[in-house]
Structures are given as C-alpha cells and as structure tokens.
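Student: this one's structure only:
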C-alpha cells in the first residue's frame, strides 16, 4: 500500500531522490564503490558539493556577498553559532519569540549579545505571529523563526526593519520565494525541505564575520568553512548528496515559485476541509496558518482514536500532533503530492 | 572489475553494510518508507540507536560508568568539546604530539586548561611515537592520538600514567582490544572503522562532567546528549544506521579480537613486501608501524607514475600518499579483505 508521509521531520523525500540515493549507497555511477566509501577530496564528492552549493544559489538567488555552507549539528547548533559569530557582546539584538525553537534560540544566543525579546506569542500558546512590534533604536539584528513546525504558524510577511534579519528557516526553506539580501544569516536543518538529517544549510553574509573579538573554536567559526568550501574536515557526504538530489528535483519541478504554488494548493485543500468540517477545528490564527505544518483538533477528543485508526488504514503516517499542541499535525513539505492531502481529506470527510 | 578500496577515509565498508544501507534508503523493512524519511522519535529509529549503543558497549566492553554518544561535527569538533567539558581552567593537561591531528587538538584545547605538550615527534616529521616521556606532577589528563592516519604510526602500548587518558581513536577504534577504563574520554569520527561520514562516536566517563564552571552551549554539553540518548535534536539517522550495520558485521565476524587478528595479518603481508622489495621503503619507525595506514615510498620517485598506473589497472584506488608524507598510503581498515592486500602486493612485485 502507498504510504502518505506526514512526518514533521525527518520527513518525506521525492521518489527519485530515494531511488538515486539508494543506488549511490550501493554503487556510485557504476564505479564499483559506494558513495559512502569515497574520499571527500576526490573529484566525485567535490563536484557533488559544488553542485549542491550552486543549486542553492540558483534556486534562492543568492549573491556572491553570501557564503553557502553545509555544516552539521542542526539548527540547534546554529542557535549559538550564529550569535557567537555575528554578535559583539554589546550589540543590541532582538528576538521574536514564536515558539519552542525561538525560545531555544534565545536561551543559547543571550550569552553573546545584548539580547531582548521584542515580542512573543507565548500568551496564547504560540498560536499566532506577533505584529506591529517595535525594535529598540540601534538594534543590529532581528532573529525570527520563519515557520513554527510545532505550533503550525508561519511568518507570511517578514517585518521591514533597519536591523538585518537572522532566520531559522528549518521547516520552510525552499518552500516559497525569499529575499536573501534582507538577511545577515539564514540557517536550516536539512531534514524537512532540504534533504537528510545530518546536514545543516547556512547562508551567511560574508562581510559580517570576523568582527566579534571573541575566541571561536575553529570548527564553530564560519570563516573556517568558507575558506575550505565546507570541507575543512570530512563533511557529511551522503546527507549532502541527498540534499543535492533534492535540490535538483526542486529545479526540475519548476523551482521555488512552483513549490510555493504547489504548497499553497495543498494547504488550501486541507484548511478548507478543517473549516468546513464541523468535527474539526484549526489551532492557529487564520492569517498565520503555516503552509508546511497544519495543526488541528477533533472537537470531540473521544474521536481521536477512531480518526487515527482510519488514517492508518488509509496509509497515512506521522499525523499525530506534537505534545505541546495535541490533536493532529499534517506536515506537507515540498515533496508531498496533492494526492496525499486528498487521501487525508477523504478520511476527515468519512468521520 | 572488483575495486580494492585503500582510501584513508571516508573508507571501505563491508558489502553487507552497503547492501542493507541501500535497501533502507529506498524502503526500510518493507514499510513503504525510506529510513531517511522516518521520524527520529518513532520506534524504528529509537531501536536503531539503542542497538548501535549496545553493540558499542558489547564490542568494547564499556561499563555503565561511561556514556556512549552519537554526535556530529567529527573528531575536529571533539578537539575543543572534550576540553571544554572536562578541563577546569587551571587543570594541568598533557598532550602527546604525534602528528597533524594531535597538533590540531592542541590548538583547540589550549583555551580550556593549563595545557602542555609532553612530547613530540615533529623533529622527524612524525615518523615515530615518542616514548619514555614524563608527565608533570598533578597532570589530570593525557591526550593521545591512537593512530596517525597521515603519518602511518600507531601507539602499540599505551603509556601507564596516573592521568586519565583522552584518546582520538578516529582511525583505529574497533580494530583492536582497548581497555576503556583507562580513559576519561574516547572519540572517533565514524568514517574510517565505524561507519559513515556524518556521525562521531564519543565514549565518556560520566562522573567527569559538569565540573568546569564555565558556560557551555547546550549542544556542546555532553550532559545534554546523555540525558536524551543522543536525540536531543534530530540525530544523523542514516549515518547512525550504517554504523549499527557495521558494528553488527564486526560482531558477526567474531568481534574485536577477530578484527585485530585480521588486521595484523593484512599489515604483516604488506610490511613484509615493503621490507623485502628493494624498490620500496617504509616511512615510519618499524615498531610504531600502523596496522591501519601503511605509508611507503618508491626509492626512485620516477617510478611513481608507473606504479599508480599499474595499481589503477588492478582496480586499486585511494593509494596515493598524503601530501605531508608523499609516496603512497594503503589504508586497510576492518572491512578490507586480505585478498585486496594481496592484489596490492602483486602489483608491487610486478614493478
């Protein structure tokens, strides 16, 4: 039976990505070696890393002012690395708190700058995105979480400010157009829209680096990885290869605009059913509804088990909500086909 | 044509590991999902991580006093993480400098303790392991690199000291028996004897942690990962799975003692040819010769090209030496069969 993969991450990958990754794990391009056992200094791997980088640049229109890096440690490591590399101790930096990941970012970053929380939606269990907040004068950076995987909200219009933005885009990068020039730094754990768990994408404006005055361990200094094209030490080759395959798939499907259209279509279908079906209710403010992670409840909790059983029978997996919200969460990253959302809506209608 | 993979790392993997990893990348246990797109909180991945940990414990006889962690960032990140987590600023810590990786470890660790280089073989381009060095009184830790991938030396008998050892075992862990209780911490990038680039194995004595008094970012604190069984954030699932497969293969082949026997046999065969063949010469002190990375030269450099061409024709890859030593390097990790070393020796004899 075909599985409909609604996992929040690690998450769905396109069929062609899985097929080619599987082939490469056994025998890369019929060279008699697995991609997993080839030197990262060899021409094959160097070419994979260059291709992955140039696809990021092409798809997101990243200028030469920015470095594109493939690191490890996930977004959780970027919470402190971004601050450690960009903030001077006295720099005023604002953080917008829109959920679990923003809260964690604040906890790590506050050690490296004069950090303040400019607004928060904690008062309503993070079910909306704060608006009309004002930055303090002289604020150098504004950190945002573009999409909140757990709470199902997404920043639809990014604030216009004098501060450069730093954005955790782990769960919606490559899902819609962005203007990279508005950012000092963008980071994303790969395991949602980019590729495989084990690689972290960082896009950083180069002229911001090397100015903090503090000691930074070599592996935590972006400049190390810029100088060595993300191969200062052995990079996570196989996860980067899968990322490259995924970016090739996005390009073949028409690029970021096509992804945005596809994602909107899926989101509209599911949110329409949530609003039309008297048994269900969405958990977030309508205008902040995420196109990536759709969070919703059954009004009558006693029906939860029945719904999950029906989902399972229909091949739907990964639909259970995060404990912070309860109910259900349908994660619908780029790779998900509309037909999978239709399968879910069909089950909802059958309740 | 069968390839004989002598790469220094990422390096050779057993056939069964490649086969099963390839299968899992497409469809894990016929569940209709790739292992790469399954939640790290699901029972399948949790079970993989538990199995990998228990295999490490079983194969190396690791007691409950130690935590076994699967992290990211490579040994290069452990250079500073080990120091940041274990050393108080005033702790006297000794480093044995046996090559490129020791030198890098010293550079990173010196920021966190009262570090001194207890001995070095730099005077002879690191072609031997220093002996009979004395630690200063009160030295708390002694850091060693058990095997020097670049220079082809290996510590055969670990020093007996009052200090606890910290060891970078990236290129020879699981290749021979070790006594874990002699160590405060052991770390290893996985891409040589453990599995796939993108995961780093750490074995750390738990009662040493939490005592430095310094601020440690959450992701850099071993205690974070101990508390969450290496899944505080999304771990590099696919590299960990490959590690698990590799450890299962080691166990099936008879465990660490069987690996040591196998590795000795391969090393003896190749070193015998280097010593017997008048065209070749080894680069290291005989008593310190590595069983993992065999470094050697052609006495007449003009023959280098001819040798490499012959190797290529015989399906031998990854034999070119590191630029720091020149000549040739045959890396013969656990997964390499004796037949591949025989193929190399045959080419050497034909010169």
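Tutor: Good, I have the coordinates. Not measured: the values here are computed from a predicted model. Numbering: from 1, shown residues only, chains lettered A, B, ... in the order given.

Student: and the longest helix anywhere in chain A, which residues are buried?
Tutor: For chain A, the helix with the greatest residue count under DSSP state H is helix A:255-276. Neighbour counts over helix A:255-276 (16 or more other CB atoms under 10 Å in any protein chain shown) mark A:255, A:256, A:259, A:260, A:262, A:263, A:266, A:267, A:270, A:271, A:273, A:274 as buried. Backbone N, C-alpha and C define where each C-beta goes, glycine included.

Student: now the helices for the stretch 151-300 of chain A?
Tutor: A:222-227, A:237-252, A:255-276 (DSSP state H, counting those that start in this stretch).

Student: can you give me the domain boundaries for chain A?
Tutor: A:15-252, A:255-349 (automatic domain parsing).

Student: relative to chain B, which of these is closest?
Tutor: The closest of those to chain B is domain A:15-252. By CB to the nearest CB, the value is 3.1 Å.

Student: distance between the ends of the closest one?
Tutor: Domain A:15-252 has an end-to-end distance of 13 Å (criterion: CA to CA, to the nearest Å).

Student: try stretch A:321-329
Tutor: 5 Å.

Student: report the buried residues of that stretch.
Tutor: A:321, A:322, A:325, A:327, A:328, A:329.

Student: for the stretch 251-351 of chain A, what lies in contact range of chain B?
Tutor: A:315, A:317, A:318 (CB under 8 Å from any CB of the partner chain).

Student: how about 6 Å then?
Tutor: Within reach of chain B by CB under 6 Å from any CB of the partner chain, the stretch 251-351 of chain A has no residues at all.

Student: do whichever strand or helix holds residue A:80 and chain B meet?
Tutor: Using DSSP states H and E, residue A:80 maps to helix A:74-86. Yes - contact of helix A:74-86 with chain B (CB under 6 Å from any CB) involves A:74, A:76, A:77, A:80.

Student: that helix vs helix B:74-86, what angle?
Tutor: Helix A:74-86 runs at 70 degrees relative to helix B:74-86, counting by axes from the mean of the first three to the mean of the last three CA atoms, to 10 degrees.

Student: now do the next helix or strand after helix A:74-86 against helix A:74-86, angle only.
Tutor: Sequence-wise, the next helix or strand downstream of helix A:74-86 (DSSP H and E) is strand A:92-97. Angle, strand A:92-97 to helix A:74-86, by the same axes, to 10 degrees: 160 degrees.

Student: which elements pack onto strand A:92-97?
Tutor: For strand A:92-97, the elements it packs on are strand A:114-120, strand A:141-145, judged by 3 or more CB pairs under 6 Å, 6 or more residues apart in numbering or on different chains; DSSP states H and E.

Student: now do 10 Å
Tutor: helix A:74-86, helix A:100-109, strand A:114-120, strand A:141-145, strand A:164-168 (3 or more CB pairs under 10 Å, 6 or more residues apart in numbering or on different chains; DSSP states H and E).

Student: now the ones you listed in CSV, with mean neighbour count and mean pLDDT?
Tutor: Below are these laid out as CSV (neighbours: other CB atoms under 10 Å in any protein chain shown; pLDDT from 0 to 100):
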stretch, mean neighbour count, mean pLDDT
helix A:74-86, 26, 98
helix A:100-109, 20, 98
strand A:114-120, 18, 98
strand A:141-145, 26, 98
strand A:164-168, 24, 98
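
Student: so which of the ones you listed gets nearest residue A:295?
Tutor: helix A:100-109 (12.9 Å; CB to CB).

Student: run the angle between that closest one and helix A:74-86 for me.
Tutor: Using the same axes, to 10 degrees: helix A:100-109 against helix A:74-86 is 40 degrees.

Student: what about helix A:100-109, distance to the chain center?
Tutor: Centroid displacement of helix A:100-109 relative to its chain, using CA atoms, centre = their mean, to the nearest Å, is 15 Å.

Student: what does stretch A:287-297 give?
Tutor: Counting by CA atoms, centre = their mean, stretch A:287-297 is centred 15 Å from the centre of its parent chain.

Student: got the buried residues for it?
Tutor: Result for stretch A:287-297 [16+ other CB under 10 Å]: buried residues A:288, A:289, A:290, A:291, A:292, A:293, A:294, A:295, A:296, A:297.
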